[in-house]
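# predicted model follows, preceded by the sequence.
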Amino acid sequence: MKESAAARSGHAPHIRVLQGSEPPDFCAMWGDALEIHAAGRSDGLPDPAWGQAPHLFQIKGHRDFPGSTRACEVRALASSLFSGDVYVLVTEEPPRVFCWEGRGSSAEERAVGAAFAARMLSAVRSNHERVELVSEGGESDTFWLSLSGKADYAREAPGEGPAAPAAFAVSREPRLYAVSDASGAVKVEEVHCFAQGDLDEDAVFILDARSAVFLWEGKRASKGEHAALATLADEFVASAVAAGRLAAGVPVVYVKSGFEPPGFTAMFAGWDHSLVKPFVDPETGETLAK
């Protein structure tokens, strides 16, 4: 890489990038895809601890930003799946690699998933000659067993069965909006390239997930923000329906911090459940189980 004039003069810009909020130009620097492993290996290969459990990677991109697709390790459970993405499942006993394609995944996500799965197949030295491609709805018992059994997971429409492929063809990316009264007045700002870390416990958020609207409330959100959320949500939905961005009758789901359903967490790349702190009742001091 050529050294820029700014770098030679000692004034190269320093850009801070948070995990999960990587911009497309940052992701493009890593070749096929940026890979984020839970084990934190810098060489991108499995470490000895990998023999203890299967590993699941979410391949998620942004349709409006080609080259933004990344591979993030998530909990190896069926509930981590989402119909709108691709997932690569790596097992150690015996070594196998599955590439699961959700009905609503993009062409870029499928291409990146295939390339990433091929690299993982080489890394685990599987006796299988090729990656086992799995289309949503065609999963084998072996696949589900590797994820601790079949379970409900997030689909395009919460609480419903798999959406028809045509429904995904017109899908758009989810959008997140922060609602805060920290300045003295209630303000709504869109959060671009959002990540789990953007969910501030001192605020409330509106997540437009296409087939549902989630109203997320932080543990320390003010009474003013809480009161404004319902009104803002009604106005947001009415405006989006009038503009054709949302269907009439779209469900509105209230979500408390620490109790996020799969349909909510699936909108975030590599949602880390270990970062979610349990809710402690301020009156009794009891920790509420999720």
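Here it is on my side, so go on.
# how about the contacts made by the spatially closest residue to T69 that is not a sequence neighbour?
Spatial nearest neighbour of T69, excluding adjacent residues (Cβ to Cβ, 6 or more residues apart in numbering): G61 at 3.2 Å. Just so you know, the C-beta spots here come from the backbone N, C-alpha and C atoms, and that holds for glycine as well. By Cβ atoms under 8 Å, 6 or more residues apart in numbering, G61 lies in contact with 68-70, 106, 108-109, 112.
# in stretch 232-244, what's buried?
Residues of stretch 232-244 classed as buried: 232-233, 236-237, 240 (neighbour count, 16 or more other Cβ atoms under 10 Å).
# what count of nearby residues applies to H273?
Neighbourhood size, H273 [other Cβ atoms under 10 Å]: 14.
# isn't it right up against R75?
Yes: between H273 and R75 there is a contact under Cβ atoms under 8 Å: 6.2 Å.
# number of residues surrounding the residue nearest to S105 when sequence neighbours are not counted?
Once flanking residues are discounted, S105 sits nearest to V86: 4.7 Å by Cβ to Cβ, 6+ apart. Residues within reach of V86, counting by other Cβ under 10 Å, total 28.
# and V86, bridged to which residues?
I59, E101 (DSSP bridges).
# need the contact partners of the helix or strand that G263 is a member of.
Using DSSP states H and E, G263 falls within helix 262-265. With contacts defined as Cβ under 8 Å, 6+ apart, helix 262-265 is touched by 79-80, 82, 152-155, 158, 207, 209, 212, 214, 216, 253, 255, 271, 273.
# send me that helix as PDB with only the CA atoms.
These are the backbone C-alpha positions of helix 262-265, laid out as PDB (Å, rounded to 0.1, in the frame of the first residue of the first chain):
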ATOM      1  CA  PRO A 262     -34.900 -13.400  18.400                       C
ATOM      2  CA  GLY A 263     -36.700 -11.200  15.900                       C
ATOM      3  CA  PHE A 264     -35.000  -8.200  17.400                       C
ATOM      4  CA  THR A 265     -31.500  -9.600  17.900                       C
END
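# would you mark the buried spots in that helix?
For helix 262-265, burial by neighbour count (16+ other Cβ under 10 Å) applies to 262-265.
# I'd like the average pLDDT over that helix.
The average pLDDT for helix 262-265 rounds to 86.
# about what we covered before: so among the contacts of helix 262-265, which ones count as buried?
79-80, 82, 153-155, 158, 207, 209, 212, 214, 216, 253, 255, 271.
# which among those residues gets closest to V186?
W216 (15.8 Å; Cβ to Cβ).
# which SS state does the closest one fall under?
Following DSSP: H, G, I helix; E, B strand; the rest coil, the label given to W216 is strand.
# wait, isn't I36 in contact with A71?
Yes: with contact defined as Cβ under 8 Å, I36 and A71 form a contacting pair (6.8 Å).
# neighbour count: those two, which is higher?
A71 (29 against 19).
# and the more buried one, how far from A238?
For A71, the distance to A238 (Cβ to Cβ, to the nearest Å) stands at 38 Å.
# got it, and S79?
The spacing between S79 and A238, counted by Cβ to Cβ, is 32 Å.
# over to K150?
Distance, K150 to A238, by Cβ to Cβ: 38 Å.
# what does stretch 232-243 contact?
Contacts to stretch 232-243, defined as Cβ under 8 Å, 6+ apart, come from residues 177, 179, 186, 188, 206, 208, 213, 215, 246-248, 250, 252.
# by neighbour count, which of the residues you listed wins?
The residue in the contacts of stretch 232-243 with the most neighbours, by other Cβ under 10 Å, is V179 (24 neighbours).
# tell me the secondary structure at it.
strand.
# what sits closest to it if chain neighbours are left out?
V204 (4.7 Å).
# hmm, that neighbour is touching A230, no?
No: if you go by Cβ under 8 Å, V204 and A230 don't touch, sitting 10.0 Å apart.
# what do the two both touch?
With Cβ under 8 Å, 6+ apart, V204 and A230 have common neighbours L215.
# neighbour count winner among those two?
Using other Cβ under 10 Å, the more surrounded residue of V204 and A230 is V204, with 27 against 12.
# now do the contacts for that one.
Listed by Cβ under 8 Å, 6+ apart, the contact set of V204 reads 178-180, 215-218, 221, 225-226, 228-229.
# then R130?
Going by Cβ under 8 Å, 6+ apart, the list of residues near R130 reads L121.
# that one belongs to a helix?
No: per three-state DSSP, R130 lies outside any helix segment and is coil.
# quick check: L89 is in a strand.
Yes: using three-state DSSP, the assignment for L89 is a strand.
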